[in-house]
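# Next come a sequence and a model predicted from it.
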2 protein chains.
Amino acid sequence: MEGGFITDLRNKIIQKALLMFEKHGYHGVTVNQIVESVGTSKGGFYHHFASKDELLFVIHDTFITYVLEKATIANETYKLPTKKLQAIIKDFVKVFDLYKPHISVFYQENIYLKPEYEILIKKKRDQFKQIIISAIREGKECGEFRKDLPVEITGMAILGMVNWAYKWYKQSGPKSIDEIGDIFVDLILHAVLTVESLSESKYLDQLIEKPFFTN
Amino acid sequence: MEGGFITDLRNKIIQKALLMFEKHGYHGVTVNQIVESVGTSKGGFYHHFASKDELLFVIHDTFITYVLEKATIANETYKLPTKKLQAIIKDFVKVFDLYKPHISVFYQENIYLKPEYEILIKKKRDQFKQIIISAIREGKECGEFRKDLPVEITGMAILGMVNWAYKWYKQSGPKSIDEIGDIFVDLILHAVLTVESLSESKYLDQLIEKPFFTN
DNA sequence: GTGAACAGACCAACCAGTCGGTCTTATTGT
DNA sequence: ACAATAAGACCGACTGGTTGGTCTGTTCAC
């Protein structure tokens, strides 16, 4: 039983396919190429997966499940909307370090998910979106955020800003994922907080402690 | 000679294919389906296009060419960085009304562009990115924008925020594209301007004249 | 020996692209 | 004025290669 699940053929296939999908797209990679790259056979593949589509689904699901879990925890841990939003964003950004290929595939190929799979993914996705939007609504209600913010669009703006990182973020880039997260938080809080909350620097204290802007 | 270029078969194919690609993806639509939907034939298609790939390229190119042109004009028209950024963003957002399907295909299927085509597209894309980044740099230099902004990442944040709209914007939605553009500009300027510039309300005057936030 | 894990030859479907041919319109020669 | 000719637009049966998936085994652990 030992050693099993790490070199598990199933996981090996997922890992390899993931990287291949990221580079060439779902339709740019054939099952034959995958099994050859892994060093197995058609039989091996279809022993573990019902179809190529299932592979695509698994990639989607592991990523969105992780993100949703992190957001749920952050949502329950913090009470102040500013802190809450900050935590959610930082967690979300950090995911790009762990799941960059998953995210790329997620946003590039989700259109090709079979309906049955799509429903499952969409549900989790919407939950995540709701957590962000709720945080903004709470922030408005308790007076930390500007009253004139449209919650949905602000939420989508934040989501877009962070999500887009999958198009340009490189682990080998000049900024660490932590720095990028801090920058995003800084931009978002400036955009969202009232001038009073901003100057009260409920959040800025920690930024001042360790200034991260160098250019 | 009249009536020609409107019902031009070539244009008709592009229009139809565009909508089909948007819904089912490039690989989810066959050439046969396209010609059937248009009411023509394989021969008709390949008389006007060298390949299916060329079709994909044309869709990419018409969109990015338009965007780049608009941004170039805005860039040359306005001198103050705040105004410049504002104009670029509003123009960019407006494109979603005109080219929503193009944009969807652009971001969903660009991975499948043949290298020769990809080079052409990437060039224009980078130019556009540079215009935004330059605007931010100028804003910092002339003191309108916060000195501690990292220009590249702020640029990518803005790009992401706006680009992401292709995932959720609907013409039939509750907010018009103009309202959404104003909201984005508001968020971005709050994020980017110095507190002094913000309170001087160099730009807020026009927002105050017509308040657009209703929720 | 029994079942799970894997191998690999095979298949049916599909799909981008081709090619010989037709129809329509413009051009030319007389 | 009009036949002859050329050219572009379009047709659709066909093809050659590819691809996801199957099926009959074989290996090996327990």
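Now that the structure is in, tell me what you want to look at.
# any idea of the mean pLDDT for the helix or strand hosting A:T65?
If you go by DSSP states H and E, A:T65 is part of helix A:52-77. Confidence over helix A:52-77 (mean pLDDT, whole number) is 97.
# which helices and strands does that helix pack with?
Contacts defined by 3 or more C-beta pairs under 8 Å, 6 or more residues apart in numbering or on different chains; DSSP states H and E place helix A:52-77 against helix A:9-24, helix A:81-109, helix A:115-141. (C-beta placed from N, C-alpha, C; glycine too.)
# In a markdown table, list those along with mean neighbour count, distance to A:E152 and mean pLDDT.
Below are the helices and strands packed on helix A:52-77 laid out as a markdown table (neighbours: other C-beta atoms under 10 Å in any protein chain shown; distance: least, C-beta to C-beta, whole Å; pLDDT from 0 to 100):
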| stretch | mean neighbour count | distance to A:E152 | mean pLDDT |
| --- | --- | --- | --- |
| helix A:9-24 | 18 | 31 | 97 |
| helix A:81-109 | 21 | 15 | 97 |
| helix A:115-141 | 16 | 6 | 98 |
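# okay, the ones you listed in a markdown table with distance to B:F128 next?
Output for the helices and strands packed on helix A:52-77, formatted as a markdown table (distance: least, C-beta to C-beta, whole Å):
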| stretch | distance to B:F128 |
| --- | --- |
| helix A:9-24 | 24 |
| helix A:81-109 | 20 |
| helix A:115-141 | 28 |
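# Out of these, flag the one nearest DNA strand D.
Taking C-beta to the nearest atom of the strand, helix A:9-24 is the member of the helices and strands packed on helix A:52-77 nearest to DNA strand D, at 10.3 Å.
# Now do the buried residues in the next helix-or-strand element following the closest one.
Proceeding N to C from helix A:9-24, the next assigned helix or strand is helix A:31-38, under DSSP H and E. Neighbour counts over helix A:31-38 (16 or more other C-beta atoms under 10 Å in any protein chain shown) mark A:V31, A:I34, A:V35, A:V38 as buried.
# of all those residues, which comes closest to DNA strand C?
Once C-beta to the nearest atom of the strand is applied, the member of the buried residues of helix A:31-38 that ends up nearest DNA strand C is A:V35, at 7.1 Å.
# how about the residue lying farthest from the centre of chain A, what does it touch?
Farthest-out residue of chain A from its mean C-alpha position, per C-alpha atoms, centre = their mean: A:G43, at 33.2 Å. By C-beta atoms under 8 Å, 6 or more residues apart in numbering or on different chains, no residues touch A:G43.
# Pull up the per-residue confidence for it.
A:G43 is given a pLDDT of 96.
# Does it lie in a helix or a strand, and which?
In this assignment (DSSP H and E), A:G43 forms part of helix A:42-48.
# export that helix as PDB, just CAs?
Extracted in PDB, the C-alpha atoms of helix A:42-48 (Å, rounded to 0.1, in the frame of the first residue of the first chain):
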ATOM      1  CA  LYS A  42      -3.900   3.400 -24.000                       C
ATOM      2  CA  GLY A  43      -5.000   0.600 -21.800                       C
ATOM      3  CA  GLY A  44      -3.400   2.100 -18.800                       C
ATOM      4  CA  PHE A  45      -5.100   5.400 -19.400                       C
ATOM      5  CA  TYR A  46      -8.600   4.100 -19.900                       C
ATOM      6  CA  HIS A  47      -8.200   1.900 -16.900                       C
ATOM      7  CA  HIS A  48      -8.000   5.000 -14.800                       C
END
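# Any buried residues in it, and which?
Applying a neighbour-count criterion of 16+ other C-beta under 10 Å, one finds A:G44, A:F45, A:H48 buried in helix A:42-48.
# In a markdown table, list the residues you listed along with distance to chain B.
Compiled in a markdown table, those are given as follows (distance: C-beta to the nearest C-beta, whole Å):
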| residue | distance to chain B |
| --- | --- |
| A:G44 | 25 |
| A:F45 | 20 |
| A:H48 | 24 |
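# any idea how far the residue in chain A positioned nearest to DNA strand C is from A:K52?
Here the residue of chain A nearest DNA strand C is A:G43; by C-beta to the nearest atom of the strand that distance is 1.9 Å. Distance of A:G43 to A:K52, computed by C-beta to C-beta, to the nearest Å: 15 Å.
# go on, A:I177?
Going from A:I177 to A:K52 by C-beta to C-beta gives 31 Å.
# Quick one: name the residues of chain A near chain B.
Counting by C-beta under 8 Å from any C-beta of the partner chain, the residues of chain A close to chain B are A:24-25, A:27-28, A:108, A:111-112, A:148-151, A:153-154, A:156-165, A:167-168, A:175, A:180, A:183-184, A:187-188, A:190-192, A:195, A:198, A:211, A:213-215.
# Any of those residues buried? List them.
Buried members of those, scored by 16+ other C-beta under 10 Å, are A:25, A:27, A:108, A:111-112, A:149-151, A:153-154, A:156-165, A:167, A:175, A:180, A:183-184, A:187-188, A:190-192, A:198.
# Would you check which of these are in contact with DNA strand D?
Near DNA strand D, judged by C-beta under 7 Å from any atom of the strand, the entries from those are A:H27.
# didn't A:S41 look like it was pressed against A:V31?
No - look at A:S41 against A:V31 with C-beta atoms under 8 Å: they stay out of range, at 10.4 Å.
# Settle this for me: A:P150 is touching B:I183, isn't it.
Yes - counting by C-beta under 8 Å, B:I183 is a contact partner of A:P150 at 5.9 Å.
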